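Student: okay, here's the prediction I keep looking at, along with the sequence it came from:
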Amino acid sequence: DTGVSQDPRHKITKRGQNVTFRCDPISEHNRLYWYRQTLGQGPEFLTYFQNEAQLEKSRLLSDRFSAERPKGSFSTLEIQRTEQGDSAMYLCASSLGLGATTNEKLFFGSGTQLSVL
Amino acid sequence: EDKVVQSPLSLVVHEGDTVTLNCSYEVTNFRSLLWYKQEKKAPTFLFMLTSSGIEKKSGRLSSILDKKELFSILNITATQTGDSAIYLCAPRGNNNDMRFGAGTRLTVKP
């Protein structure tokens, strides 16, 4: 499968624990995005990378959220000291990254469903 | 603040019906609007619209944009049960994110 892959598909954790999700974008894609989606809502933008550079992180929900893309390929999203309100689907998307971001289509992974007990 | 409103929020139809889904938006420095279909997990791309009045078509699906009135519609003709999904619209401004609407949940009954 050469699409965007995310791991794990499901994560159940206890409040206060740290969790880390991984995203592997389509191999030739330079741009990588993280979104969060809660029930009944559309995906909500969190952060964005161009290669290894994190170009937008002001929309991360709190300082408990951080993301990395150390070699410009896969990315990780970490949530520290999880809270019940963090329960959601975390989606990763990638795009080719040849021109302006505003005229690109994003390809999404199947997401990681997080449940915080 | 940027806003995206999709209507209706949910819709139930029978196979063969035609549906029209609406997306109205207020986005600073509008650049493009994308439609996605979300069946279970991953939203899949349908259309990207950048110019007013030019209809994009793909099989039974079509979409058009009106940049003056700030809306887009997605039409699906001769609906099938496989069209059941959440349809998301996402206008893009001059920044790096896409602001998605809450989506329209379409259910097509046999």
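Tutor: Yep, that arrived.

Student: okay, A:T101: pLDDT?
Tutor: pLDDT recorded at A:T101 is 61.

Student: near A:T82, how many residues? Count them for me, please.
Tutor: 21 (other CB atoms under 10 Å in any protein chain shown). C-betas here are computed from N, CA, C, even on glycine.

Student: residues in contact with it?
Tutor: Counting by CB atoms under 8 Å, 6 or more residues apart in numbering or on different chains, A:T82 makes contact with A:13-19, A:64, A:114, A:116.

Student: now do the same for whatever residue of chain B ends up closest to chain A: helix, strand or coil?
Tutor: In chain B, the residue that lies nearest chain A is B:F100 (3.0 Å; CB to the nearest CB). Classification of B:F100 by DSSP: H, G, I helix; E, B strand; the rest coil places it in coil.

Student: nearest spatial neighbour of it, skipping sequence neighbours?
Tutor: A:G42 (3.0 Å; CB to CB, 6 or more residues apart in numbering or on different chains).

Student: you'd agree the one you found is in a helix?
Tutor: No - according to three-state DSSP, A:G42 belongs to no helix; its state is coil.

Student: burial count for it?
Tutor: Counted with other CB under 10 Å, A:G42 comes out at 22.

Student: again, but for A:S94
Tutor: With other CB under 10 Å as criterion, A:S94 counts 25.

Student: quick one: it and B:L70, what's the gap?
Tutor: From A:S94 across to B:L70, the span is 29 Å (CB to CB, to the nearest Å).

Student: repeat that for A:T47.
Tutor: 27 Å.

Student: higher neighbour count, the two?
Tutor: Each of A:T47 and B:L70 has its neighbours counted (other CB under 10 Å); A:T47 has more, 24 against 16.

Student: was I right about A:S87 contacting A:S115?
Tutor: Yes - in this structure A:S87 lies within contact range of A:S115 using CB atoms under 8 Å: 5.3 Å.

Student: which of those two has more residues huddled nearby?
Tutor: A:S87 (17 against 13).

Student: show the contacting residues for the more buried one.
Tutor: Neighbours of A:S87 in contact, by CB under 8 Å, 6+ apart: A:38, A:114-116.

Student: again, but for A:E28
Tutor: A:E28 neighbours (CB under 8 Å, 6+ apart): A:L96.

Student: same check, this time on A:T76
Tutor: Contacts of A:T76 by CB under 8 Å, 6+ apart are A:20-23, A:67-69.

Student: how near is A:K105 to chain B?
Tutor: As defined by CB to the nearest CB, to the nearest Å, A:K105 lies at a distance of 5 Å from chain B.
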